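**Q** Below are the sequence and a predicted model for it; my questions follow.
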Amino acid sequence: MRKGLARVCTVSVSDMAQRQERTTSNRRQQYDTVSKAVIHQNPKDWVEFSLGVADVEVIQVLETEQPTVKSNRADSFIQVNIGGEEGIVHLEIQTHDSGEVPMQYRMAGYIGRGIEFFQMPIYSHVIYLHPRAGRTDPSEYVQEIRDYEIRIRYKVIRLYDLEGSPFLEGGMKGLIPFTPLMKHPENMEPKEWIQQCVEAADSVPQDDIAKADYLADLAILGGLVFDYPTIRETIMETIMQESSVIQHFLQKGIEQGIEQGIEQGIEQGIERGTRKSLIEGILENLEVRFNARNLQAVASTLEYVDDLQRLRQLRREALQTPSLEAFWQTLGLIVTTNGDGSR
């Protein structure tokens, strides 16, 4: 009996550990997804911030699923024009310190593959989100072997090292959702600081749906350093007013339901942002490859594709298809096929 109980307890502990690991992984993926969505929607803000240069032209956000980088995909490659010279701004989002592979090795790989594929100068950055992350990142990969010397340098940006107030005052739409992760004024309480962040985000001109998603992005990122009650009392108040899912649970007055509604609303916001980014990527690829200027019909048809995996498939197809007509055939097949593969 005791052996059986011991085995059950062991299995239960193992299951709990696995669930905890999956939860942690999902949360890190959530921060990564939100960060990339905000960056891709506001690339100029992030390019100017990371480079420290104001006069930069953003040409396009580039696809990061090419065969040369797919095996260990980088986060963001943005094609820019700096003083008449084109280059690539690379932004790597890192929630915590890199795990099994030290960051300098990963960055050397990303940069090398980027140079090979794009054949342009690469300006690489690691953006650390958590206050304790990135403290030991050397910001370079060095090999000092005679006749085989290698030095690859990149910029390390720890958000917690930055004073947040200038970003709120500057009104940079792409940076405001990250301000809860930055330093607040010494004479200010954390709760007051996050309230200021919310007010700054709420003042950014945009429609109601976009604003709710924007505030949800700030809420998710703020969850890295603020506990749930603080987020609920400050960040979530505005989101609750705009979210029909959360309002449904609020009407029932069930605290657990409220928390579930918030999480579900945030997940829906992330999915909308990812879906929008995928569709934009498809249209940009077709426009660049085939000099196609009027893609409204393609855009309207893509709105019928709800499955994110199928949109990712179409994004790859837009990179590889031999013609716009061939892409239309693939798109038509996907739109007329149900999720189970039947027509």
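**A** Arrived safely.
**Q** For residue 191, which residues are in contact?
**A** By CB atoms under 8 Å, 6 or more residues apart in numbering, residue 191 lies in contact with 230, 233, 234. Heads up, the C-betas are built off the backbone N, CA and C, glycines and all.
**Q** Revised request: answer the last question for residue 75.
**A** By CB under 8 Å, 6+ apart, residue 75 lies in contact with 32, 35, 36, 39, 64, 91, 92, 93.
**Q** what pLDDT does it get?
**A** What the model reports for residue 75 is a pLDDT of 76.
**Q** one step back: which members of the contacts of residue 75 are classed as buried?
**A** 35, 36, 39, 64, 91, 92, 93 (16 or more other CB atoms under 10 Å).
**Q** Give the closest residue to the second one in space, chain neighbours not counted.
**A** Right, the one you point to is residue 36. residue 75 (5.6 Å; CB to CB, 6 or more residues apart in numbering).
**Q** What of the last one?
**A** Excluding the flanking residues, the one nearest residue 93 by CB to CB, 6+ apart is residue 35, at 4.4 Å.
**Q** I'd say the one you found and residue 128 touch.
**A** No: applying CB atoms under 8 Å as the test, residue 35 and residue 128 come out as separate, 11.0 Å apart.
**Q** Output the buried ones among the contacts of residue 75 as TSV; include the columns distance to residue 139, secondary structure and pLDDT.
**A** Below are the buried ones among the contacts of residue 75 laid out as TSV (distance: CB to CB, whole Å; DSSP: H, G, I helix; E, B strand; the rest coil; pLDDT from 0 to 100):
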residue	distance to residue 139	secondary structure	pLDDT
35	20	helix	89
36	22	helix	88
39	20	helix	92
64	22	coil	60
91	15	strand	95
92	12	strand	94
93	16	strand	93
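**Q** Quick check: the two most widely separated of these?
**A** Spanning the widest gap among the buried ones among the contacts of residue 75 are 35 and 64, at 13.8 Å by CB to CB.
**Q** Point out where the stretch 201-343 of the chain drops to low pLDDT.
**A** 235-273, 293, 334-343 (pLDDT under 70).
**Q** can you check the stretch 51-200 of the chain too?
**A** 63-74.
**Q** hang on, residue 104 packs against residue 140?
**A** Yes: the criterion here is CB under 8 Å, and residue 104 meets it with residue 140 at 6.5 Å.
**Q** So which of the two has more stuff around it?
**A** residue 104 (19 against 14; other CB atoms under 10 Å).
**Q** Which strand or helix spans the more buried one?
**A** In the assignment (DSSP states H and E), residue 104 maps to helix 103-118.
**Q** Summarise which helices and strands the first helix or strand past that helix going along the chain is packed against.
**A** Following helix 103-118 in sequence order, the next helix or strand is strand 122-128 (DSSP H and E). Packed against strand 122-128 by the contact rule (3 or more CB pairs under 8 Å, 6 or more residues apart in numbering; DSSP states H and E) you find helix 43-51, strand 85-94, helix 103-118, strand 155-158.
**Q** Put together a markdown table for the ones you listed, with distance to residue 287 on each row.
**A** Shown next, in a markdown table, are those (distance: least, CB to CB, whole Å):
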| stretch | distance to residue 287 |
| --- | --- |
| helix 43-51 | 16 |
| strand 85-94 | 18 |
| helix 103-118 | 18 |
| strand 155-158 | 31 |
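**Q** With respect to residue 278, which of those lies nearest?
**A** Nearest of these (CB to CB): helix 43-51, 15.9 Å.
**Q** And the next helix or strand past the closest one?
**A** Remark: after helix 43-51, the chain's next helix or strand is strand 56-62, criterion DSSP H and E.
**Q** How is the protein divided into domains?
**A** The chain breaks down into these domains under automatic domain parsing: 26-161, 271-335.
**Q** how about CSV for these, with distance to residue 171 added?
**A** Shown next, in CSV, are those (distance: least, CB to CB, whole Å):
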stretch, distance to residue 171
domain 26-161, 10
domain 271-335, 21
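**Q** closest one to residue 217 among these?
**A** It's domain 26-161; of the domains of the chain, that one is closest to residue 217 (CB to CB) at 5.1 Å.
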